[in-house]
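Engineer: I would like to see how this sequence folds:
(chains A and B)
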Protein chains: 2
Amino acid sequence: MDIKNESITTQEQDFAQWYTDVCKKAELMDYSSVKGFIIYRPYGYAIWEQIQSYLDRKFKGVGVENVYMPLVIPASLFQKEKDHISGFAPETLVATKGGQATLDDELIIRPTSEVLFCEHYKNVIESYRDLPKRYNQWCSVVRWEKTTRPFLRGSEFLWQEGHTMYETEEEARKDALRMLEIYDEMGRELLAVPFVKGIKTDKEKFAGAKETYSIEALMPDGKALQSGTTHYFGDGFARAFGISFQTKDQKLATPHQTSWGVSTRLLGSIIMVHGDDNGLVLPPRVAPVQVVIVPIMQKNPDVMKKANEYKAALEKAGVRVKLDDSDKSPGWKFAEHEMKGIPLRVEIGPRDVGNGVAVLAKRNDGQKITVNDADVVKEAVRLLDVIHEEMYKKAFKYLLEHTTEAHSIEELGQILDRGGYAKVMWCGDRACEDKIKELYQATARCLPFDQMPFEHKCLVCGKEAKKVVFFARAY
Amino acid sequence: MDIKNESITTQEQDFAQWYTDVCKKAELMDYSSVKGFIIYRPYGYAIWEQIQSYLDRKFKGVGVENVYMPLVIPASLFQKEKDHISGFAPETLVATKGGQATLDDELIIRPTSEVLFCEHYKNVIESYRDLPKRYNQWCSVVRWEKTTRPFLRGSEFLWQEGHTMYETEEEARKDALRMLEIYDEMGRELLAVPFVKGIKTDKEKFAGAKETYSIEALMPDGKALQSGTTHYFGDGFARAFGISFQTKDQKLATPHQTSWGVSTRLLGSIIMVHGDDNGLVLPPRVAPVQVVIVPIMQKNPDVMKKANEYKAALEKAGVRVKLDDSDKSPGWKFAEHEMKGIPLRVEIGPRDVGNGVAVLAKRNDGQKITVNDADVVKEAVRLLDVIHEEMYKKAFKYLLEHTTEAHSIEELGQILDRGGYAKVMWCGDRACEDKIKELYQATARCLPFDQMPFEHKCLVCGKEAKKVVFFARAY
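Structural biologist: Take a look at the predicted model:
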């Protein structure tokens, strides 16, 4: 019986259904009875814990402190910054009853916490000595979405939101770029996902921000997935909330603010960028289980002894390892571990023990390598790094091959239909940006830091081009 | 200027005000604009992170897996278990609008997540092979409270909630006791807080539970503080939600359930059990900063060199250490670090450097010890353990001295007025339990595991006594 093909739609048949199948069959999530509020099952949550652990260490390394802000925002407070409220109001969940009585001031379940941080900063910032403030919180937020998909768009999702205040504009601008760099490193080092880094157009930036930066990943169906953002706010919120501080030379000044966040959307990115028709393919450094040992003929005591030896030795080497000694057949186990995307499998049977070898099977490309008993641990540790590099390179190659200069409006349409980024020379006018969206349902993902202009004229209006923009259809 | 006395109410003057002063001045929390929803500031949140890290390791050690369940519960789902809904309905926060439209089914912001776990367990439990399930989540919950106090009683608080399902009653009962034991160990090993462990009376148990166990701490004002609970549910919820599984011998059976949780209330326990008129006194193992180094005359390069050496050496020894080289005066720093309860201070001045010594000052009793330069790290590490033991012993002594047998109704009143636990012989009738509450506003905290009966008759009605109960006034 071929368990694998029985249980999952292929990418070619229906990419969207393949994605949902993997989310469910790899036991990453389950649906709850409220639309858009998903259950993060142990395996899915464990991946998020790996991301948390990586980022929390990086954040603390640059002086960020964790806090926890209230879940609710009074409607009256939420309205203090006008752009912000108009951006978020349409998608809020609102509590109107508490302790069986109607609330005087309705409470918005936080969709993001800028206003809560500002309210607090007003109380704790008095002098330049109190700056900078670099706070972060790990929590869930709620945005009432019409169309929802596991990890990609939810009415509730898990994230971290960092909120900072600095003495000067220069420091705050640096912060927004530094945090973007940390996110980008996370892609390279942890997720094996290459991102395009850039700045958003005014049309696409965050409600209330002066500048929004983003990391954008490219999915195998040719759509872009915004995977994290950092924002420079200037002093707009600070002024709206009356936050000020005394400078070293006794003057009153307004601090400059940033915020930055990534969410469980990163899981969607991992699933799509690396997954295949056998299921999930997890990058080794984010995998809750990095190596699974499957004994063949596990009634054989020599096999089990060896399997246990490998487990102990791999654990000692710092590898997250699981020995699958359940009563399922080896074939069933192989299919299950492939579905769950475990990066490396160690197979050990009676003949292998006799020959003093074991077989290592790589999830990312199916390659099997026979290794001498004494080298199993060393080789497994080495292969985990090799797998990471191979996965990153493959994704990077796909990104490069699907990033194409558009030299005419017609060519732009062809590029977008094929899938991937279209590089577009742009005059900077909102009208030209709108026109592309209207024609092709594609949005400006970002103005990449790496500009490399290739024409002089705007693709749409023919006026002088000022910037290279990456356009794509997006999640 | 005496900074300390200027800024804080003494315990004798007003214990409740002292508590609030410490919460604020030690920068553990701040108020938000919504009553009962507090801000966990970096220092307070860092203590919670230490507790999380300790418990998460212990939980995973007994096979618990972390998950994340939705923030909201449909009102229709919440009503499935009758005792449960009647216990929680009066104090819920309810969302009635989403995306600017009225919701068909109102959404309750989770006050606890039994029903969500049950709904999910129904989907993922089919066979005995799927059991046990031991899930936990770290999150916040909302209970709309009339009277709120930082950490002790809030409309929102942080906690962990574990929810398990087992094949047999016996396993589930064991689980409830094992998790209580983990909480009790946390008191001894991490918080230096001794708990009384026991089972709740029917009147005091959790809404929907068959049995509730608790750990109860005793505060210096003589009031008890329930600090954690575990519940055995039997199969009541499982039946209400239609959860069943196929046994090894192919029969259909209903699983048995437990849940267990501790919350940021533990911070209240730490603050009150250990604090003094100079502020917070943190047990070393939960302290975000265990040792603070204060250089005296920090313009002296020899002093700063030595201070930096100590910092590096203490870090290397695994100690959480801070070097305070801010431009405040040593006296100001001493008072600030005392307010924040940092367990050990290292003072180093020019004369000390000349003499090849440093001074170590213990926060818990103010003792100062002059130590040879070469022994500073070894001695600091040793003293952190000594401080933990001393703090635990002091709290345990207080607990023993404030646990008194009540031989008459009048004596019971005197004991409760003096503060602490009154040991009461009880017939088991609800009427007698109610009578004590009516007379003295004291509640049955628990029937301690360690029973030691001392009379034959019920203190209230004079019928045959069946149990020893600890009564106290409580937070």
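Engineer: burial count for residue A:455?
Structural biologist: 14 (other Cβ atoms under 10 Å in any protein chain shown). Using the backbone N, CA and C atoms, a C-beta is placed for each residue, glycine as well.
Engineer: residues from the stretch 151-300 of chain A in reach of chain B?
Structural biologist: Within the stretch 151-300 of chain A, the residues that sit near chain B (Cβ under 8 Å from any Cβ of the partner chain) are A:155-156, A:158.
Engineer: secondary structure class for residue A:23?
Structural biologist: Three-state call for residue A:23 (DSSP: H, G, I helix; E, B strand; the rest coil): helix.
Engineer: does it really touch residue A:272, like I thought?
Structural biologist: No - applying Cβ atoms under 8 Å as the test, residue A:23 and residue A:272 come out as separate, 10.5 Å apart.
Engineer: ok, back up a step: export the residues of the stretch 151-300 of chain A next to chain B as TSV, with columns for secondary structure.
Structural biologist: Output for those, formatted as TSV (three-state DSSP):
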residue	secondary structure
A:155	coil
A:156	strand
A:158	strand
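Engineer: among the residues you listed, which ones are buried?
Structural biologist: The neighbour count (16 or more other Cβ atoms under 10 Å in any protein chain shown) marks A:155-156, A:158 as buried among those.
Engineer: Now do the contacts for residue A:218.
Structural biologist: Counting by Cβ atoms under 8 Å, 6 or more residues apart in numbering or on different chains, residue A:218 touches A:196, A:224-225, A:273, A:398-399, A:402-403, A:420-421, A:472.
Engineer: Distance of the closest residue to residue A:367 other than its chain neighbours relative to residue A:339?
Structural biologist: Excluding the flanking residues, the one nearest residue A:367 by Cβ to Cβ, 6 or more residues apart in numbering or on different chains is residue A:361, at 7.3 Å. Distance, residue A:361 to residue A:339, by Cβ to Cβ, to the nearest Å: 14 Å.
Engineer: so where do the strands sit in the stretch 201-350 of chain A?
Structural biologist: Residue ranges of the strands in the stretch 201-350 of chain A, as given by DSSP state E, counting those that start in this stretch, are A:211-218, A:224-234, A:245-246, A:252-253, A:256-263, A:291-295, A:321-323, A:344-348.
Engineer: Can you lay out those as CSV showing mean pLDDT?
Structural biologist: Formatted as CSV, the strands of the stretch 201-350 of chain A follow (pLDDT from 0 to 100):
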stretch, mean pLDDT
strand A:211-218, 98
strand A:224-234, 97
strand A:245-246, 98
strand A:252-253, 98
strand A:256-263, 98
strand A:291-295, 98
strand A:321-323, 98
strand A:344-348, 98
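Engineer: Please name the nearest non-neighbouring residue to residue A:148.
Structural biologist: residue A:36 (3.7 Å).
Engineer: wouldn't the one you found be in contact with residue A:145 here?
Structural biologist: Yes - applying Cβ under 8 Å, one finds residue A:36 in contact with residue A:145, separated by 5.5 Å.
Engineer: Look up how far chain B lies from residue A:211.
Structural biologist: Distance from residue A:211 to chain B, counting by Cβ to the nearest Cβ, to the nearest Å: 27 Å.
Engineer: Same check on residue A:230?
Structural biologist: Look at residue A:230 and chain B: by Cβ to the nearest Cβ, they are 21 Å apart.
Engineer: if I pick residue A:474, what's in contact with it?
Structural biologist: Residue A:474 is in contact with A:223-226, A:442-443, A:445, counting by Cβ under 8 Å, 6+ apart.
Engineer: The nearest residue to it once chain neighbours are set aside bridge partners, please.
Structural biologist: Of all residues not flanking residue A:474 in the chain, residue A:224 sits nearest, at 4.4 Å (Cβ to Cβ, 6+ apart). Applying DSSP bridges to residue A:224 gives these bridge partners: residue A:218, residue A:474.
Engineer: which SS class is the closest residue to residue A:409 other than its chain neighbours?
Structural biologist: Excluding the flanking residues, the one nearest residue A:409 by Cβ to Cβ, 6+ apart is residue A:459, at 6.6 Å. Of the three states, residue A:459 takes coil according to three-state DSSP.
Engineer: thought residue A:459 was touching residue A:429?
Structural biologist: No - under the criterion of Cβ under 8 Å, residue A:459 lies out of contact with residue A:429, with a separation of 11.6 Å.
Engineer: More neighbours: the two, which one.
Structural biologist: Neighbour tally, residue A:459 and residue A:429, criterion other Cβ under 10 Å: the higher count belongs to residue A:459, 25 against 14.
Engineer: So for stretch A:227-244, first residue to last residue, what's the gap.
Structural biologist: 33 Å (Cα to Cα, to the nearest Å).
Engineer: which strands and helices sit next to the longest helix seen in chain A?
Structural biologist: For chain A, the helix that runs over the most residues, judged by DSSP state H, is helix A:376-401. Using 3 or more Cβ pairs under 8 Å, 6 or more residues apart in numbering or on different chains; DSSP states H and E, the elements in contact with helix A:376-401 are helix A:265-274, helix A:301-316, strand A:344-348, strand A:357-362, strand A:368-372.
Engineer: can you do 7 Å?
Structural biologist: helix A:301-316, strand A:344-348, strand A:357-362 (3 or more Cβ pairs under 7 Å, 6 or more residues apart in numbering or on different chains; DSSP states H and E).
Engineer: Among these, pick out the one with the most neighbours on average.
Structural biologist: Comparing those by mean neighbour count (mean count of other Cβ atoms under 10 Å in any protein chain shown), strand A:344-348 ranks first with a mean of 24.
Engineer: What would that strand look like as CSV? C-alpha coordinates only.
Structural biologist: The C-alpha trace of strand A:344-348 is given here as CSV (Å, rounded to 0.1, in the frame of the first residue of the first chain):
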residue,chain,number,x,y,z
LEU,A,344,17.6,12.9,8.3
ARG,A,345,16.7,9.3,8.8
VAL,A,346,19.0,6.6,10.2
GLU,A,347,18.1,3.1,9.1
ILE,A,348,19.6,0.2,10.9
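Engineer: contacts for that strand?
Structural biologist: Residues outside strand A:344-348 that contact it (Cβ atoms under 7 Å, 6 or more residues apart in numbering or on different chains) are A:290-296, A:303, A:306-307, A:310, A:337, A:358-363, A:376, A:380, A:383-384, A:387.
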